[in-house]
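# Okay, predicted coordinates and the sequence, questions at the end:
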Amino acid sequence: MKRLLLAAVILSGVVVPASAQDTQQLFVIERSANMNVVHYVAQLTKDGALDPKAPVIAYWIMLANGGHREDLNLVEKQLAYGFTIRPDPSGRFYRMTLAADKEREIKVYQAGEDVKAEMVIDGRPAFLHKLYVSSTESGILPSVNYVELFGRDLVTGEQRYEKLMPKR
């Protein structure tokens, strides 16, 4: 099954990290600027646990340029797509915040064989799947029009959605 999946990915032209079997997709950030997508993935050790040295990594999939993988640059890490992550004192999960919004926390943890990214979306705990950033490209830095959060409610399983407007 893994070989079939790997063959399908190779044929699709999307480049996958060499250690694809040791990662799990958490969520993505899509943008209005182009088709390129930032992927946030959980890194696992060989025994399937979250890697304590780097439990989450982020990188671009450059869909507007052939689908290759590219690391975030220093400015992207510091101002927008980078993140901080630290273990919770309980040892049961990690606390993650994105550089662009240090106030909203994302809880990263294992649930059986799956790794989940959980945050509050529209006032309810939800599994985060995607953020969409609408921006206007002008000047040195783009101006954010709004951010949309998409996920699934932890309790009901229903789709969760929230639109965030920037503080001006």
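Happy to help now that I have it.

# Next, work out how far apart the closest residue in space to Phe83 that isn't next to it in sequence and Arg124 are.
For Phe83, ignoring the flanking residues on the chain, the nearest one in space by C-beta to C-beta, 6 or more residues apart in numbering is Leu98 at 5.1 Å. (C-beta placed from N, C-alpha, C; glycine too.) Distance, Leu98 to Arg124, by C-beta to C-beta, to the nearest Å: 19 Å.

# of the two, who's got more company?
Between Leu98 and Arg124, Leu98 has the larger neighbour count (other C-beta atoms under 10 Å), namely 21 against 14.

# isn't the more buried one right up against Tyr81?
Yes: look at Leu98 against Tyr81 with C-beta atoms under 8 Å: they come within range, at 7.2 Å.

# hmm, back to that, beta partners of the residue nearest to Phe83?
On the basis of DSSP bridges, Leu98 is bridged to Phe83, Asp101.

# in the protein, what spans have low per-residue confidence?
Scanning the chain for pLDDT under 70 picks out the ranges 1-21.

# Now name the helix or strand holding the residue sitting furthest away from the middle of it.
Largest separation from the mean C-alpha position in the chain: Gly139, at 26.6 Å (C-alpha atoms, centre = their mean). Of the helices and strands defined by DSSP states H and E, none includes Gly139.

# can you give me the helices in this protein?
2-12, 74-79 (DSSP state H).

# Is Val108 in contact with Ile85, as I believe?
Yes: judged on C-beta under 8 Å, Val108 makes contact with Ile85 at a distance of 6.9 Å.

# Quickly list what's touching both of these two.
Shared contacts of Val108 and Ile85 (C-beta atoms under 8 Å, 6 or more residues apart in numbering): 55-56, 94-96.

# quick one: which of those residues sit in strands?
For the shared contacts of Val108 and Ile85, the ones inside strands are 56, 94-96, with DSSP state E as the criterion.

# Quick check on those residues: which are buried?
Among those, those buried by neighbour count (16 or more other C-beta atoms under 10 Å) are 56, 94, 96.

# closest to Val115 among these?
Ranked by distance to Val115 (C-beta to C-beta), those are led by Val56 at 8.8 Å.

# Centre of the chain to the lengthiest strand in the chain, how far?
Counting residues, the longest strand found in the chain (DSSP E) is strand 124-136. Here strand 124-136 is found 9 Å from its chain centre; the criterion is C-alpha atoms, centre = their mean, to the nearest Å.

# Right, I'll call it a day here.
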